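Asks: how would this look folded up:
(one chain, ligands or ions: 1)
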Amino acid sequence: MSRSEIEKIQLERLKKMVKYCMDNIPFYNKRLTEAGVTDDKIKCLDDIKYIPYTTKADIRDTYPFGLFGQPMKNIVRIHASSGTTGKPTVVGYTQNDLDMWSDCMARLVVAAGASSDDIVQIAFGYGLFTGALGLHYGLEKIGATVVPTSSGNTEKQIMLMQDFQTTALVSTPSYAQYIGEMAREMGVLDKMNLKLGLFGSEGCTEEMRAQIEKTLGLFATDNYGMSELMGPGVSGECRERVGLHINEDHFIAEIIDPETGEVLPKGETGELVITTLSKECMPMLRYRTKDITRINYDPCKCGRTFARMDKTKGRTDDMLKIRGVNVFPSQVESVLMAFDEIAPHYQLVVTRKDFADRLEVKVELADDGLLENFANLEDLQKRIHHNLKTVLGIDTKVSLVEHKSLERFQGKAKRIIDLRNEK
Ligand code: DLL
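Replies: The predicted structure is shown next:
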């Protein structure tokens, strides 16, 4: 589709969605009425700006089913995000929602190069998390052979990869990294047949991806989504890997200034805001994702015309403000990945002393042999410190720790430990 065709569909669907929300969801009826928005007021796509933002707090306030636009007898599935504090974020699906979800997923896995010839091991956790079942249905739809191993039980995971000659792995990049590390220790890397990694659910620098690809001998794409919007399937990379194609016939993406809430001109970096265009159970109007990215509307070499979002830079709530300087964990990861002497495992610990924030970067040695030569160790620490300072613009404390002493992850990695508010 040309851009004008895409926008025509988006406008038609947006108007319908506004009316649907007005008619079926009291929360939106009140919000839209207060803002003076009706479907008639939406005459062009820019008019989306009249619709108020929806936030995670709105979902929490209407827990568990307050944002559902259909009676429970029409709801066929419920998922929820873990919610580290308090109640989880609940999402529901009608059968049409599940069909749309599988379609979106099927498109993205095909764009990534998957086909009915693939044997795919899904190593995302099955359960309330959307990742596993989202990919599962999309991959079945294209006729791939799905092996629902779920996350964890890594040795068995690796055994099945060899025995089934699994060709594709679905997981977080950090779990793929762990699987690679363990397969190497088991001495079986050359007995595996992986060709494709469908990764997502957390950020991963290009450097980290290259390393995982090298270890596991596969080609990896990045897939983005979130529970509130459906799960995975909002956007994903094609083989060109210059941004993640957004399924724009089902989602309108905007970029706003996270501080002021102002819509930013096309091409600028800011917070991603998504409006769902076809969800029935739980539509989202202008949902603030808190993810920082940029949208590129140029046609892609692959021939797809859906706009592409950059790999996310991080979440606004993951961004660390250290002595007034914004630091994204992805910047630290990029610096660390350039050093062969350290394994790609790290942790950021933030503390506050005498009103000043301190960032400690704990990095794991690739090989404990390095511990034997103090001068080398000191030199390595200095070089890492220097490079971090150049990129981040702040001083950090670099701590080199023993090989395998930092935690490994089977789902999303948790690399930040913020102790600033601890007494
Ligand atoms: O992580 C959905 C998903 C599952 C996407 C599997 C892709 C693959 P949540 O648990 O609700 O949903 O977490 C959503 O995770 O707002 C981002 O901050 C982050 N995230 C998801 N995908 C990516 C990605 C799923 N490819 C939150 N790169 C989002 C960076 C990502 N961050």
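
Asks: average pLDDT for the helix or strand hosting Q331?
Replies: Assessed by DSSP states H and E, Q331 sits inside helix 329-337. The pLDDT scores in helix 329-337 average 93.

Asks: contacts for that helix, please.
Replies: 203-208, 211, 313-314, 318, 320, 342, 344, 346, 348, 361, 363, 384, 387-388, 391-392, 415-416 (CB atoms under 8 Å, 6 or more residues apart in numbering). Every residue, glycine included, has its C-beta placed from N, CA and C.

Asks: what about 7 Å?
Replies: Contact with helix 329-337 is made by 203, 205, 207-208, 211, 313-314, 318, 342, 344, 346, 348, 361, 363, 387-388, 391-392, 415-416, as judged by CB atoms under 7 Å, 6 or more residues apart in numbering.

Asks: and the residues you listed near the ligand, which?
Replies: Among the contacts of helix 329-337, proximity to the ligand is found for G203 (CB under 6 Å from any ligand atom).

Asks: which ones among the contacts of helix 329-337 are found in helices?
Replies: Among the contacts of helix 329-337, DSSP state H puts 207-208, 211, 387-388, 391-392 in helices.

Asks: with the residues you listed in mind, which one is nearest to the ligand?
Replies: Comparing the ones in helices among the contacts of helix 329-337 against the ligand with CB to the nearest ligand atom places M208 closest, at 11.6 Å.

Asks: now G217: closest residue in space, sequence neighbours ignored.
Replies: Among residues not flanking G217 along the chain, L194 sits closest, at 6.2 Å (CB to CB, 6 or more residues apart in numbering).

Asks: on the three-state scheme, that neighbour is what?
Replies: Of the three states, L194 takes coil under DSSP: H, G, I helix; E, B strand; the rest coil.

Asks: make residue 1 into 42 and carry on from there
Replies: Shifting the count to begin at 42 puts that one at L235.

Asks: that one reaches L259, doesn't it?
Replies: Yes. With contact defined as CB atoms under 7 Å, L235 and L259 form a contacting pair (4.5 Å).

Asks: circling back to that earlier point, next, see if the helix holding Q372 gets close to the ligand.
Replies: No. Helix 370-378 lies out of reach of the ligand by CB under 6 Å from any ligand atom, never closer than 8.9 Å.

Asks: so how far is that helix off the chain centroid?
Replies: 17 Å (CA atoms, centre = their mean, to the nearest Å).

Asks: pull the CA atoms of it into PDB?
Replies: Provided in PDB are the C-alpha atoms of helix 370-378 (Å, rounded to 0.1, in the frame of the first residue of the first chain):
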ATOM      1  CA  PRO A 370      21.500   1.200  29.900                       C
ATOM      2  CA  SER A 371      21.800   0.500  26.200                       C
ATOM      3  CA  GLN A 372      24.600   3.100  26.000                       C
ATOM      4  CA  VAL A 373      26.500   1.300  28.700                       C
ATOM      5  CA  GLU A 374      26.000  -2.000  26.900                       C
ATOM      6  CA  SER A 375      27.400  -0.600  23.700                       C
ATOM      7  CA  VAL A 376      30.600   0.500  25.400                       C
ATOM      8  CA  LEU A 377      31.000  -2.800  27.200                       C
ATOM      9  CA  MET A 378      30.500  -5.000  24.100                       C
END
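
Asks: so what's the backbone phi/psi at the residue of the stretch 42-191 of the chain found nearest the ligand?
Replies: Of all residues in the stretch 42-191 of the chain, the one sitting closest to the ligand is G172 (3.3 Å; CB to the nearest ligand atom). In this entry, G172 is assigned phi and psi values of phi -60, psi -50 (degrees, to the nearest 10).

Asks: can you check the pLDDT for it?
Replies: pLDDT, G172: 97.

Asks: can you count the residues close to the residue nearest to it when sequence neighbours are not counted?
Replies: In this structure, G172 finds its nearest non-sequential neighbour in F165, 3.6 Å apart by CB to CB, 6+ apart. If you count neighbours by other CB atoms under 10 Å, F165 ends up with 29.

Asks: could you do the one 4 residues further on as well?
Replies: Counted by other CB under 10 Å, the residues lying close to L169 total 17.

Asks: okay, now the sheet partners of the longest strand along the chain, with direction.
Replies: The residue-count maximum for a strand in the chain (DSSP state E) belongs to strand 383-394. Strand pairing for strand 383-394, using DSSP bridges, gives strand 397-406 (antiparallel), strand 457-459 (parallel).

Asks: could you identify which of the ones you listed is most buried?
Replies: The highest mean neighbour count among these, using mean count of other CB atoms under 10 Å, belongs to strand 397-406: a mean of 18.

Asks: and stretch 452-464, C-alpha only, in PDB?
Replies: Taking C-alpha atoms only, stretch 452-464 is exported to PDB below (Å, rounded to 0.1, in the frame of the first residue of the first chain):
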ATOM      1  CA  GLY A 452      13.000 -13.900  30.600                       C
ATOM      2  CA  LYS A 453      13.600 -10.200  30.500                       C
ATOM      3  CA  ALA A 454      17.000  -9.200  32.000                       C
ATOM      4  CA  LYS A 455      17.000  -7.000  35.100                       C
ATOM      5  CA  ARG A 456      20.200  -5.000  34.900                       C
ATOM      6  CA  ILE A 457      19.500  -2.000  36.900                       C
ATOM      7  CA  ILE A 458      19.600  -1.900  40.700                       C
ATOM      8  CA  ASP A 459      18.500   1.500  41.900                       C
ATOM      9  CA  LEU A 460      19.200   1.900  45.600                       C
ATOM     10  CA  ARG A 461      18.700   5.700  45.700                       C
ATOM     11  CA  ASN A 462      15.400   5.500  47.600                       C
ATOM     12  CA  GLU A 463      16.500   2.700  50.000                       C
ATOM     13  CA  LYS A 464      17.100   3.800  53.500                       C
END
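
Asks: how far off centre is stretch 288-301?
Replies: That offset, for stretch 288-301, works out to 15 Å (CA atoms, centre = their mean).

Asks: could you pull up the mean pLDDT of it?
Replies: Per-residue scores along stretch 288-301 average to 97.

Asks: what comes up buried for it?
Replies: Residues of stretch 288-301 classed as buried: 288-297, 299 (neighbour count, 16 or more other CB atoms under 10 Å).

Asks: can you lay out those residues as a markdown table showing secondary structure and distance to D158?
Replies: Listed next are these as a markdown table, based on DSSP: H, G, I helix; E, B strand; the rest coil; distance: CB to CB, whole Å:
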| residue | secondary structure | distance to D158 |
| --- | --- | --- |
| N288 | coil | 24 |
| E289 | coil | 28 |
| D290 | coil | 27 |
| H291 | coil | 27 |
| F292 | strand | 29 |
| I293 | strand | 34 |
| A294 | strand | 32 |
| E295 | strand | 38 |
| I296 | strand | 38 |
| I297 | strand | 42 |
| P299 | coil | 43 |
